[in-house]
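Asker: fold the following, please.
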Amino acid sequence: MRSTSRAALIGMSALPLVLVPGVSHATPSSGVSSTTLYERTVDGTTYTLKRITISPGGTTGWHYHPGTVYGIVREGTLTHSDADCATDGVYSSGDTITEPAGPEHVHIGRNLGSSLVVLDALYVDLTGTPLTVDAPDPGCHFQ
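Answerer: Numbering: from 1, shown residues only. Just a heads-up that it's a prediction; the model follows:
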């Protein structure tokens, strides 16, 4: 902190304390890559199929989807957690997963194993909306 800022803070110590929320920062993904396998728009809905690979120790970062996502794990084990910091699913090869739409469904996917996680994900979105929206860490002890 600069000394001028400290002096200003000391001078304001007689003022009432007002808490202003800080700026939230999205959590970045790490060790994640994806390839678009298919994309088609029909009647205002875009269907995007992606193959997603998560390296050991990798994470999707906290995010949500504007549209519903349907997935199948091809390889490895995906650990999926919600904004309550609870693990709401552990998905292995052959397992399917559905992620509901909306900011009330913030979640993170992590590869806690020693081999790659490979999954195919079908995003069903209104045309023109992003596939994912980054979200800040909701206060969990992991990222």
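
Asker: helices or strands next to the strand ranked longest in the chain in the packing?
Answerer: Using DSSP state E, we find that the single longest strand of the chain is strand 45-59. Applying 3 or more CB pairs under 8 Å, 6 or more residues apart in numbering; DSSP states H and E, we find strand 45-59 packed against strand 30-42, strand 107-110, strand 117-126. Every C-beta, even on glycine, is put in place using the N, C-alpha and C of the backbone.

Asker: what's the angle from the first one to strand 117-126?
Answerer: I take that to be strand 30-42. 40 degrees (axes from the mean of the first three to the mean of the last three CA atoms, to 10 degrees).

Asker: gap between strand 30-42 and the chain center?
Answerer: Distance, stretch centre to chain centre, for strand 30-42: 15 Å (CA atoms, centre = their mean, to the nearest Å).

Asker: can you pull the buried residues of the longest strand of the chain?
Answerer: For strand 45-59, a neighbour-count test (16 or more other CB atoms under 10 Å) marks Thr46, Thr48, Leu49, Lys50, Ile52, Thr53, Ile54, Gly58, Thr59 as buried.
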